[in-house]
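Enquirer: Mind folding the following:
(2 chains)
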Amino acid sequence: MAAVTYLTRISFLVLVGKINLPETLSRGLKYIPIGILTAFVVPGLLAPDGHVALSWNNHYLFAGLVSALAAYRWKNVFLAMGSGMVVMVVLRLQPF
Amino acid sequence: MKRPLTPAQFSCPDFFTALKEGFPLALSIFAYGLVFGVLARQAGLNWGETVVMSAAVFAGSAQFVAVGLLGSGASAGQIILATFLLNLRHLLMGASLAPYLAGVRLGKLAVLAHGLNDESYALTVSRFRRFGGSAAYFLGAGVITFLGWLGSSALAGAVGNAFGDPRRYGLDFAFLGAFLGLLIPQLKNRESWVCCGVAAGAALFASQVLPGKWYVIVAALVGAAAGVGVESYAHRNSGRYCRHGRSHLSDQD
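Expert: Model (predicted):
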């Protein structure tokens, strides 16, 4: 387990630095972070329990909205995280 | 910001900045490590095995799956295969960090690699896109997340989960909030918005039809293709610049 995990971590980190990538690929690499971060976030907000839940009862959606606005306004990770967590706690205390 | 050091030179301020910026994420990792420690013991691992697994594998989702599989009597081969597939997303993360770490020696990269996880990647890559590469920052992000995960696995493996369900404190949202905080400021031009939008659709669709974490890989690849597509379209008339390759396209916009 440790070995295969480490293999996935080191291989491209080293290889991509050593070889010259075609131009299109190296331009594509620039967008990988946005794609990965988006993928970390979107299913977690829109399908928190594994299936798509676009409803008023999906607290993650509202917390995510507040976090996104906070991130946009203040560009601060801690505020984005904290504001969304507060929304989660409040919504759970008082289910509307 | 001017950067007097090369990515390979060790910068103490960068290291401590990473510790500081990584601390909130390390706290949420800590909360999930507590849950992991309890589950690992329930699946029949002893304390030492739990700690060694968290130190050596250091991959949250793969470890949760592994102890689940252990509990249901899966074979070692099945567990290793599941781990490998779950962690394939590290390939893309490594590939996207590599250009920023040019000149860092193999021995150092070998150490840094172990600190690559979803959270340290999110921190590191958004830092690199703003200020350029820094091995010290990457190291700091790896160290703080590692301490959070190892410390809590060890604690919960020994005493059980003393804090109850992390959901009670909104901690199940912590990662999502932090990732949003790192993602949104990077959406600064049309290409990045298109990449994000396409990746969002792809991630949602793929998460419904593909197992495990394949949706991360699919979304990253499809989103990157869309970003390059829009970029190429926007620069379709700049043929005379294209002779000089992509030098006119900023890497850090």
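Enquirer: Tell me where the model's unsure across the chain.
Expert: Since no chain was named, I'll use chain A. The model of chain A has pLDDT under 70 over residues A:95-96.
Enquirer: right idea, wrong chain: chain B
Expert: B:1-4, B:161-162, B:238-253.
Enquirer: Pick out the residue closest to the middle of it.
Expert: For chain B, residue B:118 is the residue whose C-alpha lies nearest the centre (C-alpha atoms, centre = their mean; 1.9 Å).
Enquirer: Please identify which helix or strand holds residue B:66.
Expert: Assigned by DSSP states H and E, residue B:66 belongs to helix B:60-71.
Enquirer: now check that helix, is it near chain A?
Expert: Yes - residues of helix B:60-71 contacting chain A under C-beta under 8 Å from any C-beta of the partner chain: B:62, B:66. C-betas here are computed from N, CA, C, even on glycine.
Enquirer: still on that earlier bit, state the distance from the residue nearest to the centre of chain B to chain A.
Expert: Applying C-beta to the nearest C-beta, to the nearest Å, the value for residue B:118 to chain A is 6 Å.
Enquirer: OK, contacts around that residue?
Expert: Shown in contact with residue B:118 (C-beta atoms under 8 Å, 6 or more residues apart in numbering or on different chains): A:40, B:60, B:89, B:175.
Enquirer: Next: residue B:148.
Expert: Per C-beta under 8 Å, 6+ apart, neighbours of residue B:148: B:25, B:26, B:27, B:29, B:30, B:33.
Enquirer: Is it within a helix or a strand, and which one?
Expert: Here residue B:148 is assigned to helix B:135-159, by DSSP H and E.
Enquirer: so how far is that helix off the chain centroid?
Expert: Helix B:135-159 sits 14 Å away from the centroid of its parent chain (C-alpha atoms, centre = their mean, to the nearest Å).
Enquirer: Would you mark the buried spots in it?
Expert: Residues B:135-157 are the ones in helix B:135-159 that count as buried (16 or more other C-beta atoms under 10 Å in any protein chain shown).
Enquirer: by contact count, what packs against the helix or strand that it is followed by?
Expert: Downstream of helix B:135-159, the first helix or strand assigned by DSSP H and E is helix B:174-183. Contacts defined by 3 or more C-beta pairs under 8 Å, 6 or more residues apart in numbering or on different chains; DSSP states H and E place helix B:174-183 against helix A:32-46, helix A:59-74, helix A:77-93, helix B:12-42, helix B:118-131.
Enquirer: With respect to residue B:110, which of these lies nearest?
Expert: helix B:118-131 (15.7 Å; C-beta to C-beta).
Enquirer: angle of the closest one against helix B:174-183?
Expert: Orientation check (axes from the mean of the first three to the mean of the last three C-alpha atoms, to 10 degrees): helix B:118-131 against helix B:174-183 gives 10 degrees.
Enquirer: what about dumping the CA coordinates of helix B:118-131 to CSV?
Expert: C-alpha atoms of helix B:118-131 as CSV (Å, rounded to 0.1, in the frame of the first residue of the first chain):
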residue,chain,number,x,y,z
ASP,B,118,-4.9,16.5,-1.7
GLU,B,119,-4.6,19.2,0.9
SER,B,120,-0.9,19.9,0.6
TYR,B,121,-1.3,20.0,-3.2
ALA,B,122,-4.1,22.5,-3.0
LEU,B,123,-2.0,24.8,-0.8
THR,B,124,1.2,24.3,-2.7
VAL,B,125,-0.1,24.8,-6.2
SER,B,126,-2.1,27.9,-5.4
ARG,B,127,1.1,29.3,-3.8
PHE,B,128,3.2,28.4,-6.7
ARG,B,129,0.8,30.0,-9.2
ARG,B,130,1.1,33.2,-7.3
PHE,B,131,4.7,33.4,-6.2
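Enquirer: angle of it against helix A:32-46?
Expert: Using the same axes, to 10 degrees: helix B:118-131 against helix A:32-46 is 130 degrees.
Enquirer: how close does residue B:45 get to chain A?
Expert: 12 Å.
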